[in-house]
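> Fold the following and give me the result.
(one chain, ligands or ions: 1)
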Amino acid sequence: MKPENHPTASTTRHLRRVGLAMSAMLVTTGLLLAPLKTAQAQTQTAANTPLKVGLMLPYTGTYASLGNAIENGFKLYVNEQGGKLSGREVEFIKVDDESDPSKATDNVNKLVKRDHVDVLIGSVHSGVAMAMAKVAKETDTLMIVPNAGSDAVTGPMCATNIFRSSFSNWQTGYAMGEVLAKKGIKRVATITWKYAAGDENVRGFKEAFEKGGGTVIKELNLPFPNVEFQALLTDIAAAKPEAVFTFFAGGGAVKFVKDYAAAGLKKTIPLYGAGFLTDGTLDAQGEAAEGLFTTLHYADSLNLPKDKSFRLNYAKTFKLQPDVYAVQGYDAAQILAIGLKAVNGDVSKKAEFAKAVEAAKIDSPRGTFTLSKAHNPVQDMYLRQVVGKENKLVGIASKSLNDPARGCKM
Ligand code: PHB
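The predicted structure is shown next:
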């Protein structure tokens, strides 16, 4: 510092006096004006600044197409509202989470602490979603899960500020357990990826299947996202179960269905799955998927007015057919819109936001659904069968299925 920049003792005293006088002034006026100003400023902020939506989704890897469909569905709803939610423009900030749980905490922190998003939308992979939910809970950031079924997110980790527009892993597995038990099937082998989504789908399946008198005779696994299925298919052939239940999704599901048929197993040991096995994958699976039965909260032929308009608009906008992921993205945006409307766009009002969403009937393309106390959809689970390029509705496998939300204290 140059000598002339050193304050002398008298200038320091002078500055201190001015400072004291100024702060005294601020205190007096501030006491009167502060509450008024803050309230005004908040309303103005909410109305004038864009709503920052953090999309944390996989855009590469085996779940890339799922991430894209979710984003499309979300944006379709926002576009239908003229690009605004509760009067606020919507700004998207995207992170490719690569379905990698080891990078998830850093990724979500970028959105919360660097970009200061108003709401987190994500993700597809259960391990990633759990890491996101932990940060969302700690920082009290609004979060809507548009796919990942992690039972924990609406179980032990449940929170006022966390919602799910999709399903719990327990739900998709449980519905197929009921179906196979009712068919009178007794001995089933399971095969899936070894992580939360696979484990929990199998656990839900087993719970219903064993309740109905069946036994799971073999549980086979491989690490996510591996697709070297040959050795496990040999194990299935040797175990000779009456049927196989599986959870695979995205690119892995395409390869599994093809390998299962190519190994000659499809004709001898019927394959059943959580519906992700054949959703958004039929073009790539071709003949190998024909005839497969799966359970899911969506089907291609629901014949509901809301579904018809959704499918038409989606196809027009993106030149693609929608799938379950697109529906979940669309409904994540609907949930956000319902909550925002109740708080006039002010996301800091978490309790009021939650109250409105908890009371809502969500007009989904899948059919109307509500959220449970733990904020998971209470919904019909459909039995579907692959016919050509569609997952055709066969019937309702489980009416208004409610996840037990074990461990949720809300
Ligand atoms: C999950 O990891 O929870 C998950 C991923 C893909 C799906 C369904 C569930 O299609």
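> got the residues of this protein near the ligand?
Counting by CB under 6 Å from any ligand atom, the residues of the chain close to the ligand are 63, 66, 124-126, 147-150, 169, 197, 249, 276. (C-beta placed from N, C-alpha, C; glycine too.)
> try 5 Å this time
For the chain, the residues in contact with the ligand (CB under 5 Å from any ligand atom) are 125-126, 148-149, 197, 249, 276.
> Now, these that are in strands?
Among the residues of the chain next to the ligand, no member is found in strands (DSSP state E).
> which one of the residues you listed has the most neighbours?
When neighbours are counted by other CB atoms under 10 Å, H125 leads the residues of the chain next to the ligand with 33 neighbours.
> contacting residues for it?
Shown in contact with H125 (CB atoms under 8 Å, 6 or more residues apart in numbering): 58, 63, 97, 99-101, 148, 195, 197, 224.
> Show the pLDDT at it.
According to the prediction, H125 has pLDDT 99.
> how near is it to L85?
26 Å (CB to CB, to the nearest Å).
> Kindly report the same for I338.
10 Å.
> same thing with Y298?
Taken as CB to CB, the span from Y298 to L85 is 24 Å.
> and what of G329?
For G329, the distance to L85 - CB to CB - is 14 Å.
> who has more neighbours, these two?
Neighbour count, other CB under 10 Å: between G329 and L85, G329 has more, with 31 against 22.
> excluding its backbone neighbours, what's nearest that one?
Leaving out its chain neighbours, the residue that sits closest to G329 by CB to CB, 6 or more residues apart in numbering is G73, at 2.9 Å.
> Who are the contact partners of the residue of the stretch 1-150 of the chain found nearest the ligand?
Residue of the stretch 1-150 of the chain nearest the ligand, by CB to the nearest ligand atom: S126 (3.5 Å). Neighbour list for S126: 148-150, 153, 169, 195-197, 200 [criterion: CB under 8 Å, 6+ apart].
> one more time with 6 Å
148, 150, 196-197 (CB atoms under 6 Å, 6 or more residues apart in numbering).
> ditto for Q334
77, 362.
> Please identify the helix or strand for it.
helix 324-342 (DSSP states H and E).
> so after that helix, what's the next helix or strand?
Next along from helix 324-342, by DSSP H and E: helix 350-359.
> so where is this structure shaky, pLDDT-wise?
1-47 (pLDDT under 70).
> tell me the strands in it, going along the chain?
51-57, 84-85, 88-96, 119-121, 142-145, 162-164, 187-193, 215-222, 243-247, 271-274, 293-296, 370-371, 377-387, 390-401.
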